[in-house]
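Quick one: sequence plus predicted model below, questions after.
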Amino acid sequence: MGPGEIGALIPIFGISAGILAIWTSHQQKMAKIQAKDTAEKAALYATNNTELEARLRVLERIVTDKGYDVATQIEALRDARKVDALLGPGDKEPGR
């Protein structure tokens, strides 16, 4: 490599360093934007999670307060479906 070739490479290195600085700055800005977006999503999920926990507490209270009653009602509905399945359309009693 002669002095002329080295002299030609100096501007290329200078331009490359400038481009690298601009690219690095851009990447830092993008990382900050992404971090802000992630924080907003985390806050949204936390709010949603709190709402779901509150709804779950209400459901737990309903089930525990009337737990036996709910189970009895479910079984009664299952029995009613079995009877309806045995009856044909328009029948009022099984076997008729």
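The structure has been received and is ready for your questions. Residues are numbered from 1 along each chain as shown.

only C-alpha atoms for contact and neighbour calcs from this point on.
Will do.

Can you check which helix is longest in the chain?
helix 3-65 (DSSP state H).

what about Asp69, which helix or strand?
In this assignment (DSSP states H and E), Asp69 forms part of helix 67-86.

Do you know the pLDDT at Ile15?
pLDDT recorded at Ile15 is 91.

cool, and Gly90?
Here, the pLDDT recorded for Gly90 equals 61.

Distance from the longest helix of the chain to the middle of the chain?
18 Å (CA atoms, centre = their mean, to the nearest Å).

That one to helix 67-86, inter-axis angle?
Here helix 3-65 runs at an angle of 90 degrees relative to helix 67-86 (axes from the mean of the first three to the mean of the last three CA atoms, to 10 degrees).

thinking again about what came up before, which helices and strands does the helix holding Asp69 pack with?
With contacts taken as 3 or more CA pairs under 8 Å, 6 or more residues apart in numbering; DSSP states H and E, helix 67-86 sits against no other helix or strand.

send the alpha carbons of stretch 75-88 over as CSV?
Output of stretch 75-88 as CSV, limited to C-alpha atoms (Å, rounded to 0.1, in the frame of the first residue of the first chain):
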residue,chain,number,x,y,z
GLU,A,75,-77.5,-31.7,39.2
ALA,A,76,-81.2,-30.8,38.8
LEU,A,77,-80.5,-29.4,35.4
ARG,A,78,-78.7,-32.5,34.4
ASP,A,79,-81.6,-34.6,35.5
ALA,A,80,-84.1,-32.4,33.6
ARG,A,81,-82.0,-32.9,30.4
LYS,A,82,-82.1,-36.6,30.8
VAL,A,83,-85.9,-36.6,31.2
ASP,A,84,-86.2,-34.2,28.2
ALA,A,85,-84.1,-36.6,26.1
LEU,A,86,-86.3,-39.5,27.0
LEU,A,87,-89.4,-37.6,26.2
GLY,A,88,-90.1,-37.0,22.6
